[in-house]
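Student: with the input below, show me the fold.
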Amino acid sequence: TTGTAAVERLERAAGFDLIVLDVGLPDVDGVALCRSLRSRGMKIPVLMLTARDAIEDRVAGLTGGADDYVVKPFSLRELAARIEALLRRAFGGSTDRLKVGDLVYDLNAERVSRGGVVIKLNPTCRRLLKMLMLRSPAVVERAVIEERIWAGRPPATDSLRSNLYLLRQAVDKPFPKALIRTHPGLGWSISDEED
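Tutor: Predicted coordinates:
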């Protein structure tokens with residue numbers, strides 16, 4: 001809702017894939033905020049939204065560090081397509097199909113399979129798997145997972161460990177090679193690479 005709140009959340013958690021930034025924030029100009037994020041070394045793709053449609057405004061947004069610039073009013077379909085295009089550029093390849101070894105996650109169909117065998121997962125496990133696969137082979141920290149899945153409010157019970165257990169039972173246990181790895185004190189990763 002404000003630039004200050006955005007900066008606080010970005011500094012608290014590293015798990016963001018993309019920023020949709022309104023130029024007309026109540027406390028700070030979005031272009032100035034984007035410039036500040038870039039000067040701090042943040043490379044997260046930024047899609048800027050604004051009612052300002054003059055060429056000078058668009059140029060200022062793009063030279064200020066935005067990766068794309070959408071003028072209001074806009075179609076939600078166009079916004080979604082631009083977000084997908086930015087994510088494709090940021091993560092490479094298609095954003096509708098993730099693959100790690102023989103594990104495939106079809107994001108459009110919400111279908112997970114390994115070695116051609118369809119795997120049923122609850123919604124939390126699917127979100128967790130998507131996070132791990134998007135970042136593969138990198139380690140994803142507990143705080144980042146909790147921020148993304150539970151909006152920064154850790155559940156009262158250890159739901160993360162329970163869902164990781166369920167995810168391992170579905171994705172790893174029936175197969176000869178485990179893909180999900182625990183990194184004590186760091187977090188979890190998913191990879192087909194040998195240790």
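
Student: identify the residue nearest the residue nearest to the spatial centre of the chain in space, chain neighbours excluded?
Tutor: Against the mean C-alpha coordinate of the chain, by C-alpha atoms, centre = their mean, the closest residue is residue 17 at 3.6 Å. Excluding its sequence neighbours, the residue lying closest to residue 17 (C-beta to C-beta, 6 or more residues apart in numbering) is residue 87, at 6.3 Å. C-beta here means a position set from N, CA and C on the backbone, and glycine is covered the same way.

Student: hmm, who's touching whichever strand or helix holds the one you found?
Tutor: Secondary structure assigned from DSSP states H and E places residue 87 in helix 76-91. Residues outside helix 76-91 that contact it (C-beta atoms under 8 Å, 6 or more residues apart in numbering): 17-18, 20, 44-45, 47, 67-68, 70, 94-95, 134.

Student: before we move on, what about stretch 27-37?
Tutor: With C-beta under 8 Å, 6+ apart as the test, stretch 27-37 has contacts from 2-4, 6-7, 10, 19, 21-25, 44, 46, 48, 50, 60-61, 64-66.

Student: wait, the residue nearest to the centre of the chain sits on residue 43?
Tutor: No. Residue 17 lies out of contact with residue 43 (C-beta atoms under 8 Å); the separation is 11.4 Å.

Student: next structured bit after the helix holding residue 87?
Tutor: Next in sequence after helix 76-91, counting helices and strands by DSSP H and E, comes strand 97-100.

Student: other SSEs contacting that next one?
Tutor: strand 103-106, helix 123-135 (3 or more C-beta pairs under 8 Å, 6 or more residues apart in numbering; DSSP states H and E).
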